[in-house]
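Engineer: model this:
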Amino acid sequence: MSLDMPTRRAALAVVGASVLAAALAGCTTPAPGLTEQAKAMPISGVHVSGTANRTLEVLAPLVAQELVSELGSRYAPGARGGATLVVELTGVLIETGGNGGSRHYRFSVDAVDQLEGRVSLLGPRGEALTDFPFLASTGAMFRSSLDFYPDPRRLQGLAHAYAYWIARKIG
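Structural biologist: Reported below is the predicted structural model:
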């Protein structure tokens with residue numbers, strides 16, 4: 001074997017790293033049109049809604065709770081001159097292929113849960129500081145005993161991933 005020729009494993013590692021870097025760069029790019037002043041503004045309110053189906057109704061308060069946690073000290077309820085974060089959840093996919101694991105494995109690599117919606121950050125006078133569609137996904141780590149009712153831990157994990165990336169995008 002020659003050292004001049006890359007191995008198949010090395011080539012696959014380079015391709016995989018490139019794809020991962022591109023995906024992460026897309027997630028960490030700042031929200032469109034968000035100024036430095038808007039990034040520093042405290043967030044005085046968080047409103048999350050999802051009315052298209054039962055699962056979105058269950059996810060809305062979970063996402064709101066996770067957003068408050070992820071915003072940390074930037075969240076100042078009722079602060080004068082603060083911004084309001086508004087999230088409208090529009091779609092959810094709780095994949096049943098693989099159903100989050102099997103008897104022998106703790107998680108499944110073929111089941112991915114997704115949550116999508118629209119994120120708006122409104123200024124103190126109601127002006128739009130930024131507005132963008134957003135999609136987050138996470139691997140299904142837990143099985144659901146009934147596919148009709150997803151495991152609450154799967155919903156909590158999906159809500160956490162969605163809130164985590166929103167908080168990173170808005171500052």
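
Engineer: only C-alpha atoms for contact and neighbour calcs from this point on.
Structural biologist: Fine.

Engineer: burial check on Ala128, number of neighbours?
Structural biologist: 15 (other Cα atoms under 10 Å).

Engineer: could you point out the helix or strand that follows the helix or strand of the chain with the lowest mean pLDDT?
Structural biologist: For the chain, counting by mean pLDDT, DSSP states H and E, helix 8-28 ranks last in confidence among helices and strands (a mean of 52). Using DSSP states H and E, the helix or strand that follows helix 8-28 in sequence is helix 36-40.

Engineer: and that next one, what's its mean pLDDT?
Structural biologist: On average, the pLDDT along helix 36-40 is 88.

Engineer: and the nearest residue to Gly123 once chain neighbours are set aside, what does it touch?
Structural biologist: Nearest residue to Gly123, sequence neighbours excluded (Cα to Cα, 6 or more residues apart in numbering): Ala83, at 4.6 Å. For Ala83, the contact set (Cα atoms under 8 Å, 6 or more residues apart in numbering) comprises Met41, Pro42, Ile43, Ser44, Gly45, Leu121, Leu122, Gly123, Pro124.

Engineer: of the residues you listed, which is the nearest to Ser137?
Structural biologist: Leu121 (21.7 Å; Cα to Cα).

Engineer: fine by me, we can end here.
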